[in-house]
Structures are given as structure tokens and as C-alpha cells.
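Novice: Take this sequence and fold it.
(chains A and B)
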Amino acid sequence: MLNGIFVLGAAVRLLPPSFVPDLPSTVSSVEVATPFTSFNSLQEAFYYLQHGINLYDGGVNHHSPLLVVFLNFFNDLPYSYIVFNVLYTLIDLWIAYRLIQLNQWYFKTRSAKVGAEKSEKSERSESGESKQSAKDLTVSNLIKSPLTDKLIASFYLFNPLLILTNWSHSTLLFTHIFLVESIFQVAVEHSLSRGMLLLAVASYLNYTPIFMVIPLVSLALTVTKGDKVKVVEGVGIFIVSLGLLVLASFAMTSSWQFVESCWITIIRFDQISPNVGLWWYFFTEMFAFFHPFFVGVFNLYSVMFILPITIRFSENDSKGTKSNYLGDSFLACILCYTWLIFTKAYPTLGDLGLVLSIIPIFKTSFLSYCKFGGFTALIMSGCLLLSPIFYYCWIVLGNGNSNFFYSINLTWGIVHGLILMDLIWGKLTYDYINENGVSKELQKKLRLTQI
Amino acid sequence: MALAETFSRKIHKLGIIPKLVKFLPIFSLLLAFASVGWLLVLPIEGQYRRTYISENALMPAQANSYFRESEWNIVRGYRQEVKDFAHWNQSARNSMVASWLQDIGLKTAVDAEFGTLYAVMNAPRGDHTESVVVAVPWMTSDMQYNEGGVALAVALTRYFSKLSIWSKNIILVFPENGHLPLRKWVEGYHTSLDFLTAGSIDAAIVMEFGGSSDYFEFYEIEYEGINGQLPNLDLMNTANLIGYHEGLKYSIHGTKVDDNSYFLRLRTLIRGIIKLTLTGLINPGTVSGCESFSGWQIQAITIKARGTQGAPDITQFGRIVDSTLRSVNNLLERFHQSFFFYLMLSPQYFVSIGTYLPSACLIAVSFALSSLGCVLNSGIELDIGSILSWFTGIETACYVLSVILPYAVSKTSKASYSGNTFSGTLGSSSADTSDSTTFTDELQASTFILYFFTLLTVFVSVIPFFNKTNRKFIKLSKNTTFSLLAFALFYIAMLIFALLTVHFTLALSIGLLALPMTWIQPIAKDIGQFRIPSVGSHATKKEDPISKIVMFVDSHKSTLKICLCLFTSSPFFIIYIVGNYFGTENNDGALLLMRGLLTSWDQLQCWTWFVVILGWFPAWVSCGIVCAIGDLEQLPLKDEVDKKKKNE
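Specialist: Coordinates of the predicted model:
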């Protein structure tokens, strides 16, 4: 059955673009591809490379030099478009496989934690704390059975947003695989060095994951129960490998122009083009005079919340005041990533698609305490329905304008907000219930309020 | 947040939500009424706005038009010539007009596909990147020979060529009629006609002045495009303001400028909604021509001269066109001010999108609420798996239909034809008869399809009578039944939601016409409760057929209601009714509408057919399946059970 799902998932990704070679450029709408992930500009880069033109002349290409060179090998092969289809399909299958393993790992660590906590508590209750028995009852309800491998695979492989991203041959997929793989290496394989190396590659490709260093190091600390030296080690490895990648790129292109084109352009938001994000309209409407200030504000905003989220949901509590099962460093990683794609300069549908496919992993712990699932899904489907229609009204028919499209982008932003809010609220409710040992009957009547 | 929190706690404490859920069907119905009510409120004074010119650069009626009575002789001269070759074939007529235009100094060319003549007057002051179109169909939408229009167009061109003020190229187009030939010319201009172009087209005016009268009573403006598109309101206002300064009367949908009462405004509103919904679909003989420009960012209106006896003369008609072109000529940017989404109430009054949009929103919410009611009030659990499998199956079948039916129609008619000339080409030649047979073939195929699906509608609507509760063979489970019904209603809600801005009137029409679907679940509530009719006991003894029928009806009341709901919300039934209502004297309106639906994508890129067959029809089929083989008996809700227990 699991094999069947993988085969079907592969077929969905492999067959349509193989039979319709135009599919990648057809589905590369503004919602799916940005100048930084578009396959079209990558092909332009191949042409430049083959004809000895500087890769970043003309401002079309914003892909990292090593990626262009690496993918150019595939481009040189016969039937290259099929080769690309196969490559992209394999990447997605790989990610799906990693998600299954992460799901199993998450269930295992969570239940191990609860087991440990349980024994600790029972010891304490022997020493005379009367209320503990009631708590134990709830603790045994703490962990629900995880989703099966089949479902986790299906959530990833049949996620329409991710299928679209795959069909468009967006290079975002490379960022995704390195990111998921680095989380996997850190969490499951307990290898901080490999994780940091992979994260460096992901950051090298797409800039945004650079900030994932913070939650990932925190996750590594939790998993390995290591000391603070690990932090230095992890960050060190990250910086060194990123530096090596940059140096290799410099050696390859013999100029620093790629830094400007691949990273500085994102930070300074030089390429104003419509996408599903919140930046473009803002900077279209604004007087150029204000640009530098607001670029600073926007960039700061996207970084600002990484550290607080990591700290709040960290499981490493040196003082030992918090119960052991509170906090969730893996959740912190996902929340940080959701925040990053929410405040990203050039987001696509695929960004949120990955997050949506990871969320089911939390079914083991707190997901049943999240309340807005249906509501969020409704708003999201409304967005996905209206976004191409409004873009069509604006660009093709000319009877709408950019406000139409941007209103949907704002709503898309609200979807991010709702997801973040829902996950955090669900986790906090879950923690409250566990901390206070609320029985099942009381849980139904429980109405928490944020003060 | 504190207030919201208190509020939500209060609601939770009082248990209002479960109580409200019971009334969902009523809320849904109320919202539907509110939607119609909203439309009825729009024409009330104070709800609408007076038209105004939003783009300052237009400056309508500011420049003095020199196309005065002095040009009348020239118009008359050309008209006499045009009248003389009324019975020539198209190419002869076109070459004659082309020679006149060449004499004036224009470049001419012929679009090979339909033999449409067009000419370009290059602007003395422009950079040749923008242009304005004057389209003059040889045949007006009233099936008249467009004598006055053609003569006026040539005379105007002669006059234009003497002015040095033009900064936009002027393109003259002479299609056989305003339907397919003009549409194909517009398409060709943007794709294949490379040998003579004049830049991007900003605006287009279709001129119709049928007959050989020197005078007319008033002029009428038509503006509706296909796929719910409308020209920028500024263009229409410009033409109307110019007409006002000329002292002319003008009308929209039969409402003249001076007519101003609530019911006239309401009539204009409703006519406008119907017209916009059906543009591109109805009787191809009466199209106005401006809809041919839809989809290419061209603002287009049709100006028609009405009546032959009246004070205004033909040069005044020419002055409207002249002044409007000069206004458009003033533009520095494309039309972007003013409104693209509006409904007209009279030539002078309109409502904009913000004011009328809630109407269709309300009906979308009405569908969403009744979908919610289907789930909550029938006491089921949502069965997403069966929804997906059933609905995907239905949708796939409908997709196949949506492709195959138009293909079948185009296959049965001849492959090579030079356009639908239902309105008849001038000058009878052998080529024309093949056109009309094409049309007849299309019509025959559509007839077959329409009758087949209407019969199917009747058949499906009647099946619920045979849907016995105790039957075990082919029966949907209760969960599947109501999940599918709920999803069908939700699907319609999403459809309306999607069409809301891009094609408001279609969204509204589908919402209102499919409304009976929302009543199925509340009606089905009564099915389970078997009642012995009180009159029935007497009637059975007599056994006369009438009382038998009465008894049958009485005992099957809710089934009968469900059948009626199904029947009246079927798209094909609606096509039949609507088509016949707006039909011609030959009573073939339904067939023409069906033909329009089936051919309009290929010929005009009008996608209404796909909305109907991929949006409305699958939802209806789902409802039909639910009523035919579903288990419509509903579990009593929890509080009802409690009540009964209390009573006992």
C-alpha cells in the first residue's frame, strides 16, 4: 500500500510533464514561481553558461552558480526534460520518505518523554503527593497514535500545492529537500554536523533558511541532550560550510556578482514582481525615498520572532522548573519556518504547501486541540480559487487592478497567521492540560483565555 | 479582545449555537430573499449614483465638431452609392468602399477568413502605437442594411483626414455583421493580421444607422460584452454627455434619458442583468457587435440610431462619433479611471460594484449555510471519502460531456464554413446557402442535445417516487447521502463566490435559479414521518380516480416537493424556459440558446457553457443522485429526542 502511494505519487509527478512538455512553463504562474525559483530563468542561465556569457548579466537569472552548473549536467543529457521530470520526482519521493521517518521519530520521542515523566511522577506520588494519581490518568492520554506512514506520504505526495510546485520545476524543491534532510539529520540521526552542512546548502540556494540555524541548533541540543559547546560547534560548521560554498561559487564565476544577484536582491527587494507575498505591493506603492527604511523594517521583522519562538518552545530547560514534556523543539522549527515564509520577500504556494504537509506529524501530540482547521481550510480554498481569477482580471482583462490580486495576498497572509496562531494555541492548551492534569470531562468544559 | 471574549463566553453559556443550527434552512431562505431584496433596493432614490466623467483628459463635448450640416451632401452622396450596391456580393461591395477609402488616403486590407475589409488612417501626430476602431457592420442587429452607417463612416473618414489633431490611429472595419466576422477580425488583428496594423486598440465604436433616412428619433447604446465584461463607464458617459450637448435623446435597454421612475430603473436593471448573462449566447441575429471586442482590453460600445422620423439628422449622429473619438484621442493613458464593474439603471444612473456585490454574496452565503444545515441538521458525520469519489466521478463525466457535446455540434455542421450568417448575407449567392445549412445543422444537433437532457431532467426528477426507504439494492448510506448533498450546495456556493467579480450577473442568475436545491434537505425531513391522510379513509372506499390522485399526492407530498425542486433547478430545464421566454417568433429560442451555449466557446471564447456544465450541472446531478438512490430519512436531532422523552 505504501509502495502504491509512492508509485501513484511518482506517476502524478512524472507522467503529466512528460506527455505535456509545456506543463512546467504553463503552471509557472506568479503564485507558483518567482524570479528566484523559476525554471524558465534557470533555462536562461543554462544558455548563458553554455555560451560563455556571465550568468548574472541582464538580471534575469537569480539562481546560485553551483546550482546552475550542477543542473546543467542534466540539461546536457538527451531527453533532458524527461531527466528533469525524473529528478524532481525523485526529490519529492525522498522528502516524503523523510517525512515518514520524522513522523515515526516524533512519536517515539514524545512517547518516551511521557514514559519518563510518568515514572518520575509515580515516584513523586509515592513520596506523598495525593493529587498525582489523577494526573497520571491524563498523562496516559497525552500521546495519541500517530498517523500511518501511508497517510503522511499521501499528505505530502498528493498535496496539490506541492504537485503544482513540482510540475513548475521550481528550484524551491532543492531548498526543501536540503531543509527537510537537515532537520532529519539533526533530529533522527543525531548528527548536528551533517544537519548544519545541509542547512548551509539550503541557505546557499535560497537565503531564507539561513535563520533556521537557531531553531535547528536548539533541536540538536534537545535531541542529544548535549552541552552548550554544541551551539558553537553547530554554528561554526554552518558558517564554514556556507563560506566554502560561497568561495567555490566565487572560484567558479570569478566575480562576486552572484552574491548581489542571489542574496542582496532578495534582501533589498530589488526585483519587484507580483507574488503571493506581502512585500511587492507595499514597495510598488511607496515613494522610493522610503525604500531603504522599510526594507530594513521588513527584514528585521522576519528575523525578529525566530529567537523568541525557539526559546518559548525549547525543551532544554536548564533550571528544571518546567515539566519535561512541555516544550517541543521540533514544533519550534516548524513555527519558525512558517514565520519565515510568511514574512519572506518572494514566497510561493509551495512554501506553505510544505508546512501543511508537515503539520499532520503533530497529530501524536497537540493537533486535536487546534480549533480553526476547517475555517483556515475554507479561507485557503477561497484564496486559491480567487487568486488566479483576480490576476486574470488584472493582467488579461484589464478590468481589475493590482488591488484585487493583493487583497488575496493579504488573505493568504491571514492563512499563515491563522495556522501559526492555531498551532501555538493548540500547543499551549495541550501544555496547560498536562501541567494541571485536567481530566477528560473537564477538558470539554475548559475554555482558556489569554490574559 | 476582551469584549469578543465576553461575548463568545456568553454565547457558549446560553447554548445559542445549537439552537441556531435548527434554523439554518430558514436563515438560508431569508438570505436568498435578502439577495433579491437588495437588488430591489438598488433603484430606490439615494441608492444609486449619477454618472460622471472620471478621467479629466477625456473632456467630452469641449471641442467643437465641424462635421456639420455642410457634410450632409457628402453623406447623402455616399449613401446613394451604398444603396445602389446593396445586392452586390461582399467582395464587390468591399472593393468599392476600399477604393473610396484609398482615394481619401487610407491603407486598406482584407481579413481573408471572413473577407472583412478594414482600413487604417494613420495619425498625423501620433507614434502609431495606439488606435481607435470604428466598426460598421454591413448588416445591423435589426437585420437592416446599414446604409447610413457605411455612408457616414466614409464621410467621417473624409472629414477626419482633413484634421491634424489625431494622435491615435483610426481603424475602420466593415464586417458582414457584428457577430462572428467582427469577432474573428478582432482576434485576427491581435494574432495573424500582420500586413496592416495600427497599434493597440484603446476603444471601439460600432455604428449602426440602418435604412436611408436622413433623420432619426434617438440613439441607443449597447455595451455588454461576453463573459461579463463591460466597457469602462467613462466611454459610455462620454458618448452620452456628447449626445446631451447635441440635444439628442438616448436610451439604454429601452429606457430613455428622461424616463425616471422606480419601475423603469428596475426594468433597466433587470434587463441589463439578463442581457449581460446571455450575451454571446442568444440569438446571433440580434447581437450588437460591441461584445466582439471583449477580452482584448478594448472598451467598446455600440451606437444605434432608432426611428426614422425625428428632428435629429444623420450628421448629428456623425458628430457623436466624431466627438467621442476626439475625447478618446485626448487620452494619455489607457482607460483606467471610472468603473469597469457597474450596473446601469438608466442612461444617467448607475450602481457600482461595491453597492450591488452584496446581492450575490448573500446568495452565496445562503448556499453555504444550507450546506452547513445539511450536515448539522441531518445528524450525520461528514463522509469525505465518499464525497470525493462520487463527486470526482460526476465531475469527470461532466467534463467529458463539456468537451464532447460542442465537438459533436461542430462535427455535425460542416467543417469549413465562413461564419454564422444567420442574419443573412447581403446578396444571395451559393456561398450563403452553405452558411445557413451550417447554422441549421448546428441547430439540429443542439435540438437533439437539449431535448435529450430535458427528458433526462424529467426522468431524474421523477425517480424519487420510486425511492422506497426499505429498498436495499443500490442505496446510498445516510452519511453518503447528506454529505454529497451538502457538498453539492457548497460547490455552488464556491462557484458563485468565484464568479462574483468576474461575471456578477451569471453568478447571481445561477444562485437564484439553483436555489430550489437548498430546499431538498428541509423538505426531506418530512419523508420519514408516515402520515395517514385524514381524507384518504373516505376516499379509498369511493375509489374514484380523482380522490385517488388526491390521496397519492397527499401521502407523497414531500416527495412531490422534492421532485419539483429538482425539476426547477435543472440547468437544462432553465435553458428551455429562459430560451423560450426570450425566443423569437419562431418559438425556437430555447434551441438558439442551447446552440449558443454549445458553440460560443469555439466561436467567441465565451465560457458560460463550462460554468453551466462543470459548475451547475454536477451539483444538480449530485442532488439528483441523492434524491434518487439516497437514504433521505433523517435521524432526529438530539434535543428533539430529549423533548420526546420528556413528553412521554
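Novice: In terms of pLDDT, where does B:K645 sit?
Specialist: For B:K645, the model assigns a pLDDT of 66.
Novice: what's the answer for B:L401, then?
Specialist: Reading off the model, B:L401 has pLDDT 94.
Novice: Now do A:L418, the pLDDT please.
Specialist: 96.
Novice: element containing it, please.
Specialist: helix A:402-436 (DSSP states H and E).
Novice: So that helix, near chain B or not?
Specialist: Yes - shown here: helix A:402-436 in contact with chain B (CB under 8 Å from any CB of the partner chain) through A:F404. Bear in mind the C-beta positions are built from the backbone N, C-alpha and C, glycine included.
Novice: Report all helices and strands that that helix contacts.
Specialist: Here helix A:402-436 touches helix A:132-140, helix A:279-285, helix A:329-342, helix A:349-358, helix A:373-392, going by 3 or more CB pairs under 8 Å, 6 or more residues apart in numbering or on different chains; DSSP states H and E.
Novice: weakest of those helices by average pLDDT?
Specialist: Looking at the helices and strands packed on helix A:402-436, the weakest mean confidence is helix A:132-140, a mean of 49.
Novice: Next, the contact list for residue 394, please.
Specialist: Since no chain was named, I'll use chain A. Residues near A:W394 by CB atoms under 8 Å, 6 or more residues apart in numbering or on different chains: A:400-402, A:404-405.
Novice: my bad, the chain I had in mind was chain B
Specialist: Counting by CB under 8 Å, 6+ apart, B:I394 has contacts B:618, B:621-622, B:625.
Novice: Not counting its neighbours along the chain, what's nearest it?
Specialist: B:P618 (4.8 Å; CB to CB, 6 or more residues apart in numbering or on different chains).
Novice: and the closest residue to A:P65 other than its chain neighbours, which of the three is it?
Specialist: Spatial nearest neighbour of A:P65, chain neighbours left out: A:S249 (4.5 Å); criterion: CB to CB, 6+ apart. Assigned with DSSP: H, G, I helix; E, B strand; the rest coil, A:S249 falls in the helix class.
Novice: And B:Y451, by the same measure?
Specialist: helix.
Novice: quick one: it and chain A, what's the gap?
Specialist: From B:Y451 over to chain A the distance is 34 Å, taken as CB to the nearest CB, to the nearest Å.
Novice: Any idea how many residues pack against that residue?
Specialist: 15 (other CB atoms under 10 Å in any protein chain shown).
Novice: Please report how far it lies from B:I282.
Specialist: According to CB to CB, to the nearest Å, B:Y451 and B:I282 sit 19 Å apart.
Novice: Do a quick rundown of the strands in the stretch 301-450 of chain B.
Specialist: Assigned by DSSP state E, counting those that start in this stretch, the stretch 301-450 of chain B shows strands spanning B:342-346, B:349-352.
Novice: and stretch A:205-222, how far from the chain's centre?
Specialist: 11 Å (CA atoms, centre = their mean, to the nearest Å).
Novice: May I ask which helix or strand of the chain has the lowest mean pLDDT?
Specialist: Assuming you mean chain A. helix A:132-140 (a mean of 49; mean pLDDT, DSSP states H and E).
Novice: Not quite, go with chain B.
Specialist: For chain B, counting by mean pLDDT, DSSP H and E, that's helix B:536-542 with a mean of 47.
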